[in-house]
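**Q** Have a look; sequence and predicted model below, questions after that.
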Amino acid sequence: MMIRFFPILLISLAASACAAEKPNLLLFLADDMTYTDLGCYGNPDVKTPAIDQLAKEGLKFTRCYNSAPTCSPLRQSLFTGIYPVRNGAHPNHSRVYPGVKSMPHYLEPLGYRVAIVGKRHEAPAEAFPFEYLGGSHGDSGKTPDGADLPLASAREFMARDADQPWCLVVASNQPHTAWNRGDASAYPAEGLTVPPYLVDTPETREGMSRYYAEITYMDGQVKQVMEMLEESEQTDNTAFLWLSEQGSQLPFGKWTCYDTGIHAAAVLRWPRVVKAGSESAALVSYVDVVPTWIALAGGAPEPLGLDGASFADVLASKTKHHHDVVFATHTTRGIYNGSEAFATRAATDGEWLYIRNLHSDELFQNSITKKDGIFRSWKGVQTQFAQERVKAYQQRAAEELYDLKTDPWCLNNQFGLANDQKLSAKLDAWMKQQGDRGDATERDAENRQPDYRPWSRKGTYDLSKRGKVSQ
């Protein structure tokens, strides 16, 4: 009898050893949050004790950038390790090309269970075969607390099989508008510090109050996840990466390639490897997350043709450098209340930010310019600063260059006054490598959106539509 079961025992011991050697991989993604808007990144008002604790126990990146300042292109790029135009999902509400692979494809062969809970915003389903643990795309604030992000299912997933490492994406819907979660009374509008890039109006302050309340609400979700790891004794063997996604829906954040749109807050805790309370100025991008996860899982990301590169050596303090330049793209065509075409491309080396507006002769339009009460309130302020901010949001120069060391809010365009050829040339080469044809790529953007959308703002991700995206 013992001889019969001895091979099974060996397999079990081998699986346990494998799980002990390979870390669990946890990615927590906020929704529409500017990188400056939390305590550990210097905001004097907003309360984020859980994320601040992660930073104290781990590594804070100061130069992390997303690939696109809109939800769907950003997430599909994040999950594939490929920039938006090359993977096919450059407009919002879009889909990747047939054959593009994502996180589950790479990690499952390395022995991982791979799941996602909460918001979904990617297509087609076969390109993103996460085990789906439930939730919804969007949260109106009218659903029961936590229904859009059922963390109980995440707890069950973590505890399901102690002998197998796991990868989990926790995709919150906060602090995306409508900013109606959390306790706004904890943020009296009159006492808030308005950042220098915004116009100080009562409407701006009221919006910030509700937005900050949702950040604190989301921080509470982070705390719950941290407690789950502690309860299951998996903290030490889990690489926990928290990302802020793109900028908020305050003007000059989401839908723009200004630093407040594409610069991201990123904190990674991994007690066995990452030095507590450390900080890195290495230039990293969201497209680096998949290759980093592959490397930590024991795979080799280099032959896979990804745009990103593993920053595992940064985590282990083996190097302080990663990329020389990273890139971002934004497509206005196809977004809600968007311009007919207003394409933006950006390149940064972490010190300078170069932006190219491919349709600078057009008026930039989106939900903020059409419906937002905050932006409308700015138009009524008769100061030079307010008038300049309103104009700057809708009328862009063909090329912009900002010194992020002295002007992180991107208030003073230095193009033509400083050496801007380096980043411009880098952007040209990157667009060519990506197959980005500029205006022609923008005009084709709506053909990259599926005939159906597998996510529902009021419901769940619809896996019954698998394979039914028109190509």
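**A** Happy to help now that I have it.

**Q** Just the element for V390, please.
**A** Assigned by DSSP states H and E, V390 belongs to helix 384-394.

**Q** List the buried residues of that helix.
**A** For helix 384-394, the neighbour count (16 or more other Cβ atoms under 10 Å) marks 386, 389-390, 392-394 as buried. C-betas here are computed from N, CA, C, even on glycine.

**Q** Okay, the closest residue to R210 other than its chain neighbours and M103: tell me how far apart.
**A** With sequence-adjacent residues excluded and distances taken as Cβ to Cβ, 6 or more residues apart in numbering, R210 is closest to W179, at 3.7 Å. W179 sits 30 Å away from M103, going by Cβ to Cβ, to the nearest Å.

**Q** Identify the farthest-apart pair in the buried residues of helix 384-394.
**A** A386 and Q394 (13.4 Å; Cβ to Cβ).

**Q** Would you mind pulling the contact partners of the helix or strand containing Q53?
**A** If you go by DSSP H and E, Q53 is part of helix 49-57. Residues from elsewhere that reach helix 49-57 (Cβ atoms under 8 Å, 6 or more residues apart in numbering): 38-40, 219-220, 222-223, 226, 240, 242, 267, 269, 271, 276-277.

**Q** Tell me which of those residues fall in helices.
**A** 219-220, 222-223, 226 (DSSP state H).

**Q** Give me the common contacts of A386 and Q394.
**A** Common contacts of A386 and Q394 (Cβ under 8 Å, 6+ apart): none found.

**Q** Show me the domain layout of this structure.
**A** Domains of the chain are assigned by automatic domain parsing as 22-321, 330-448.

**Q** wait, which of the ones you listed is closest to P454?
**A** Smallest distance to P454 across the domains of the chain (Cβ to Cβ): 5.4 Å, for domain 22-321.

**Q** Flag the shaky bits of the protein, pLDDT-wise.
**A** For the chain, applying pLDDT under 70 flags the ranges 1-20, 456-471.

**Q** and if we set it to 90?
**A** Scanning the chain with the threshold set as pLDDT under 90 gives 1-21, 138-145, 272, 333-338, 340, 371, 416-421, 446, 449-471.

**Q** all strands of it, in order?
**A** Under the criterion DSSP state E, the chain contains strands at 24-29, 59-65, 113-118, 131-132, 166-171, 238-243, 263-269, 278-280, 284-285, 326-331, 343-348, 352-357, 399-403.

**Q** I'd like to know how far the residue nearest the centre of the chain sits from K432.
**A** Compute the mean C-alpha point of the chain, and by Cα atoms, centre = their mean the closest residue is E245, 2.7 Å away. Using Cβ to Cβ, E245 is found at 28 Å from K432.

**Q** same thing with A50?
**A** Distance of A50 to K432, given as Cβ to Cβ: 43 Å.

**Q** Those two - which one has more neighbours?
**A** A50 (21 against 10; other Cβ atoms under 10 Å).

**Q** List the contacts of E214.
**A** 174-176, 179-182.

**Q** Excluding chain neighbours, what is closest to I215?
**A** Closest residue in space to I215, ignoring its immediate chain neighbours: P175 at 4.8 Å, by Cβ to Cβ, 6+ apart.

**Q** try S424
**A** Nearest non-adjacent residue to S424 (Cβ to Cβ, 6+ apart): Y354, at 6.1 Å.

**Q** Quickly list what the one you found is bridged to.
**A** A347, L401 (DSSP bridges).

**Q** Just confirm it contacts A398, I think it does.
**A** No - assessed by Cβ atoms under 8 Å, Y354 is found out of contact with A398, at 11.8 Å.

**Q** the more surrounded of those two?
**A** Y354 (26 against 12).

**Q** could you check the distance from that one over to F385?
**A** Distance from Y354 to F385, counting by Cβ to Cβ: 24 Å.
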